[in-house]
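In: return atomic coordinates for the entry below.
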Amino acid sequence: MPMPRLACLAHLACVLLIASSCAQAAPVLKLWRLDCGQIRVDDLNDYSDTFAYASKSMRFVASCYLIQHDQAYLLWDTGLPASSLGQALDGPDAKEDTLAVTLVDQLARLGVAPAQITFVGISHYHYDHVGQASNFPDAILLMGQADIDAPGRGAQPDASQLDRWIYGKGAMRRVTGDRDVFGDGTVVMLNLPGHTPGHHGLLVKLPKTGAVILSGDTAHFRENYASDGVPSWNADRAQSVASMQRLKAIEKNLHATLIIQHEPADVKKLPAFPQAAQ
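Out: As a prediction, the model looks like this:
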């Protein structure tokens, strides 16, 4: 027997209401580039095990990133330590690195307190990526398990920045393979080992800008990436090359914007602070 017209309309309205309540709105997603210092490299040949950069030098940027996902915040890498504040890169007292402003001060300009950082994601354990991590003790650490377990990690300068999580009571998630940080595919840690055993990059799928890839140290500068250049001190050469090839395939398939975190020319690929990419 056919359903009466009013009953049919009521049933349809109920179905639409349920569908509407079940549908999840796209999350608010934003990405900021944060200044985490500069590094003077006098012998660029250290970044090639095939002697490609003899007699060359370069100045790297140290970049960190803040990702907002609705009410949650992910801080990707924490840059040079605060002890590098104000150091000179030139002159008689020149140092190898310098920091102009701390992460905490930059976040304050955005109205974000350290306690609001939900996750601190670390691409790898080197000093210029973990230097200010201890300023975010309430955050959950996301880091490759192979880096957490790496024998050489503890010998790194400023490795103590991670002690709260690795040896203390800080909440930590040991990442193996890729990891979907928020469970909706918008922010994904990419497994890219080689530079260090548990090295990761980060994929962020922004609603307007599109896919953005943060490289970690899969490569350190543009020419290095184009030529599959491998530093002589990388943990594993074959994994390093394979990770660069994977990154290039992801960049191509997603029509992604690749940000090489130490490449000065890539800073302009994202809006200047305090503006965000969306």
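In: okay, helices next: where are they in the stretch 151-278 of the chain?
Out: Along the stretch 151-278 of the chain, counting by DSSP state H, counting those that start in this stretch, helices occupy 163-166, 222-226, 237-253.
In: now the ones you listed in a markdown table, with distance to Asp49, mean pLDDT and mean neighbour count?
Out: Bear in mind the C-beta positions are built from the backbone N, C-alpha and C, glycine included. Shown next, in a markdown table, are the helices of the stretch 151-278 of the chain (distance: least, Cβ to Cβ, whole Å; pLDDT from 0 to 100; neighbours: other Cβ atoms under 10 Å):
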| stretch | distance to Asp49 | mean pLDDT | mean neighbour count |
| --- | --- | --- | --- |
| helix 163-166 | 30 | 94 | 18 |
| helix 222-226 | 11 | 96 | 17 |
| helix 237-253 | 7 | 98 | 16 |
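In: mind checking which of the ones you listed is nearest Phe182?
Out: Nearest to Phe182 among those is helix 237-253; the distance by Cβ to Cβ comes to 18.7 Å.
In: assumed Thr98 was part of a strand.
Out: Yes - according to DSSP: H, G, I helix; E, B strand; the rest coil, Thr98 belongs to a strand.
In: setting aside sequence neighbours, what's the nearest residue to it?
Out: Closest residue to Thr98 apart from its sequence neighbours, by Cβ to Cβ, 6 or more residues apart in numbering: Gln87 at 4.3 Å.
In: might one say that the one you found is in contact with Lys95?
Out: Yes - here Gln87 reaches Lys95: they are 4.2 Å apart, a contact under Cβ atoms under 8 Å.
In: settle it for me: which of these two has more neighbours?
Out: A count of neighbours by other Cβ atoms under 10 Å puts Gln87 above the other of Gln87 and Lys95, at 18 against 14.
In: quick one, phi psi at the more buried one?
Out: Main-chain dihedrals, Gln87, degrees, to the nearest 10: phi -70, psi 150.
In: look up how far Ala54 lies from it.
Out: Separation of Gln87 from Ala54 (Cβ to Cβ, to the nearest Å) stands at 27 Å.
In: same check, this time on Val188
Out: Per Cβ to Cβ, Val188 is found 38 Å from Ala54.
In: try Leu202
Out: Distance from Leu202 to Ala54, by Cβ to Cβ: 33 Å.
In: can you list the buried residues in stretch 176-196?
Out: Across stretch 176-196, burial judged by 16 or more other Cβ atoms under 10 Å covers 179, 181-182, 186-196.
In: now, the residues you listed that are in strands?
Out: Secondary structure from DSSP state E places Arg179, Val187, Val188, Met189, Leu190, Asn191 of the buried residues of stretch 176-196 in strands.
In: tell me which two of these sit farthest apart.
Out: Val187 and Asn191, at 14.6 Å, using Cβ to Cβ across these.
In: measure the residue nearest to Ala238 when sequence neighbours are not counted to Ser215 for me?
Out: Ranked by Cβ to Cβ, 6+ apart and with sequence neighbours excluded, the top spatial neighbour of Ala238 is Gly194, at 7.6 Å. Per Cβ to Cβ, Gly194 is found 12 Å from Ser215.
In: looking at this, Ala108 is in a strand?
Out: No - going by three-state DSSP, the assignment for Ala108 is helix, not a strand.
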